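Asks: Only the shape, not the letters, is given here:
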């Protein structure tokens, strides 16, 4: 039986992959949309973040994953927001995958992250806080 926040494995769908990780979408028992990121290899790790459909449409879903050998954050953004994001000013630290997934390079400087966060906020996506 699933606990409230656990992902329902029967709803897990492969969504995208990048150099950083494999990304999936799923629903949890509460019907929330979840972004699941997984890293394979010796530092195998999984991170999950979920939000209600309303929250997703307003803010998207952000996730951060860190292992001894890799660190990144990513954002699943709704279609209505995806076309509003222009990372031309922060080129090199972000990768758009499938048009709705932004993966941020872990080597980004504080200034580059601030520019990326500003661009996300301008488009209506709530950036993750902290390191």
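Replies: Structure received. No experiment lies behind these values; they were computed from the predicted model shown.
Asks: Three-state assignment for residue 120, please.
Replies: Of the three states, residue 120 takes helix under DSSP: H, G, I helix; E, B strand; the rest coil.
Asks: Just to check, it is in contact with residue 75?
Replies: Yes. Under the contact definition of C-beta atoms under 8 Å, residue 120 touches residue 75, with a separation of 6.6 Å. Backbone N, C-alpha and C define where each C-beta goes, glycine included.
Asks: now the helices for the chain?
Replies: Applying DSSP state H to the chain gives helices spanning 53-59, 79-82, 110-123.
Asks: got any ranges where this structure has weak pLDDT?
Replies: 1-5, 86-94, 127-131 (pLDDT under 70).
Asks: Would you map the strands across it?
Replies: 13-17, 22-27, 33-39, 45-51, 61-66, 71-76, 94-97, 101-105 (DSSP state E).
Asks: right, and those strands - which one's nearest residue 7?
Replies: In this view, the strands of the chain are compared for proximity to residue 7 by C-beta to C-beta, and strand 22-27 is the closest at 4.4 Å.
Asks: ok, the closest one: who's next to it in the sheet?
Replies: Strand 22-27 has these partner strands in its sheet, going by DSSP bridges: strand 13-17 (antiparallel), strand 33-39 (antiparallel).
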